[in-house]
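Novice: A predicted structure for the sequence below; I have some questions about it.
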Amino acid sequence: MNQQGQSIKWISTQLRSKKLTAEQLLDHSLQQIEQHNATLNAFISVDAEGARVQAQDMDREIASGQYRGPLHGVPVAVKANIDVEGKVVSACSAPLQDRVAQRDAACVDQLRRAGAVIVGITNMHELAYGGTGNVSLHGPARNPHDPSRIAGGSSSGSASAVAAGMVPMALGTDTGGSVRIPASACGIVGYKASYGFIDKTGVLPLSWTLDHVGPLAHDVISAGLSAAVLFADTQRGHALREALDGFKPDTKTLDVNIGVCNVPDMGVDAPVDAAVSNVLEVLTNHGARQQAFNLQYLRPLHVSWLNIMYAEATARYVKEEFCDYRKFSSPVKVQLEAGRSVTGVNYLDAQRFRGFFQDYFGALFDDFDVICLPTLPVVAPQINQEEVQIGDRTVSTQDAMTFTNQLANMLGCPAISIPAGNDAQGLPVGVTFLMPHGRDLELLQFAARVEGLLRGAGITP
């Protein structure tokens, strides 16, 4: 199945017109898993039998004239920290490896109600506590563009599965970029909705004030249509679906003010900078106005993010009644131990700074319609590579993955990463767009239009 065949809108049309069946789509998905998963390690479990029952049910409904919407009959995957009833949901962590979900998470229930066919559970960075995907009870998921490289974390398996064509959409979670990081590394779309828009009930938490659920897909409309199903507010979800279902990129001038975010505290590798510059040139050629600015306060924001995440994660996972803390891997245990040193004053100061930064960034949105920055400062590093070189600066791989991405979690604003081309080695680059909290529909429509312009310019396929 080609790239068009991975579009949920295209799949939906084929199913409704009876040119394809849900069972045929499932067969294709299972074939791709059989072909690629041994190399990529994207799925940790596959429920072929259960998925077939679901697909057959969806085919019977279509045959009888019943149609649930754009995800009806579509094969999807679910990250290993999101509860699927009767399945082991361990967050790829040894202390939780025998944990069987008693009921579906709210987002999984919404997928089922929408007619999605749940194929299996995807690999992830243990406990969602890292941006690389290197640390997992099942070993790292690998990047389809180069299996010696990371898929990005923490939703590593979900991104790898979508990028390899195993499923058209997969669920991820995002505490500091964990949907957008692997989307960029694997060359697909990752969308984090406004905080509170998607119900997290039934998701193993890492940091309850930072966690989000989000879809990974091949294109913006597919990600948006998936989110429409997931939105807790059904009216908002219906409005989003209606707008995206009928979306057609217009040819009018792109009347938008783009704030181009420079991050002096991190920098950007030359191939990434060149790819994002090409994107901005295309947008400017179509009428967009751009102005660069240096993002301030990111270092103290990063420290505040760590203090919030460390404290909230430790408050949950060092409790003996929940799991055997001693069985966590060393990297996760180190971070949980760090959470013990975060005092109540540290935590409150971090939340206070978070409020200050939200006010600062809100003022930027007074000047700009949308803010743009590279999703990652580098292309996907090698598996187990601990440091990356950015210009004359050596940075930990973990910091390179999360340093700018965590700001959208601290803000709670919608953020989307879309493909921005490739470097000379053919490794993907991603570009991120941000808008204020609640403007998800506008962000998705804007990103879909950008996606179309980049394809028209030959930057992306």
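Specialist: On my side now, so go ahead. Numbering: from 1, shown residues only.
Novice: CA only for contacts and neighbour counts going forward, please
Specialist: Fine.
Novice: if I look at the residue nearest in space to the middle of the chain, how far off is residue 387?
Specialist: Centroid check for the chain by Cα atoms, centre = their mean gives residue 179 as the closest residue, at 1.9 Å. Separation of residue 179 from residue 387 (Cα to Cα, to the nearest Å) stands at 21 Å.
Novice: following the helix or strand that contains residue 333, which helix or strand comes up?
Specialist: Element membership for residue 333, per DSSP states H and E: helix 330-340. Proceeding N to C from helix 330-340, the next assigned helix or strand is helix 344-367, under DSSP H and E.
Novice: return the set of buried residues in that next one.
Specialist: Buried residues in helix 344-367, counted by 16 or more other Cα atoms under 10 Å: 347, 350-351, 353-354, 357-358, 361-362, 364-365.
Novice: quick check: phi and psi at the residue nearest to the centre of the chain.
Specialist: The phi/psi pair for residue 179 (degrees, to the nearest 10) reads phi -90, psi -40.
Novice: residues contacting it?
Specialist: The neighbours of residue 179, taking Cα atoms under 8 Å, 6 or more residues apart in numbering as the test, are 153-155, 159, 172-173, 190-192, 214-216.
Novice: is residue 417 in a helix, a strand, or coil?
Specialist: strand (DSSP: H, G, I helix; E, B strand; the rest coil).
Novice: can you list the buried residues of helix 344-367 in a markdown table and add distance to residue 164?
Specialist: Output for the buried residues of helix 344-367, formatted as a markdown table (distance: Cα to Cα, whole Å):
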| residue | distance to residue 164 |
| --- | --- |
| 347 | 40 |
| 350 | 39 |
| 351 | 39 |
| 353 | 40 |
| 354 | 37 |
| 357 | 38 |
| 358 | 37 |
| 361 | 36 |
| 362 | 38 |
| 364 | 37 |
| 365 | 36 |
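Novice: before we move on, back to that, can you list contacts of the helix holding residue 333?
Specialist: With Cα under 8 Å, 6+ apart as the criterion, helix 330-340 contacts 126-127, 129, 135, 307, 310-315, 317-318, 325-326.
Novice: and the residues you listed, which are buried?
Specialist: 126-127, 129, 135, 307, 310-314, 317-318, 325.
Novice: restricted to helices, list the residues you listed.
Specialist: If you go by DSSP state H, the buried ones among the contacts of helix 330-340 have 307, 310-314, 317 in helices.
Novice: and which of those residues is nearest residue 265?
Specialist: Top of the list for closeness to residue 265, among these and by Cα to Cα, is residue 307 at 19.2 Å.
Novice: show me what contacts that closest one?
Specialist: With Cα under 8 Å, 6+ apart, residue 307 has these contacts: 339, 342, 346-347, 350.
Novice: any idea which of the residues you listed is the one closest to residue 140?
Specialist: So of the contacts of residue 307, ranked by how close each gets to residue 140 (Cα to Cα), first place is residue 339, at 24.7 Å.
Novice: burial check on that closest one, number of neighbours?
Specialist: Residue 339 has 21 neighbouring residues, counting by other Cα atoms under 10 Å.
Novice: got a list of what residue 119 touches?
Specialist: Contacts of residue 119 (Cα under 8 Å, 6+ apart): 26, 46-48, 50-51, 75-77.
Novice: Three-state assignment for residue 65, please.
Specialist: Relying on three-state DSSP, one would call residue 65 coil.
Novice: check what pLDDT it gets.
Specialist: What the model reports as pLDDT for residue 65 is 95.
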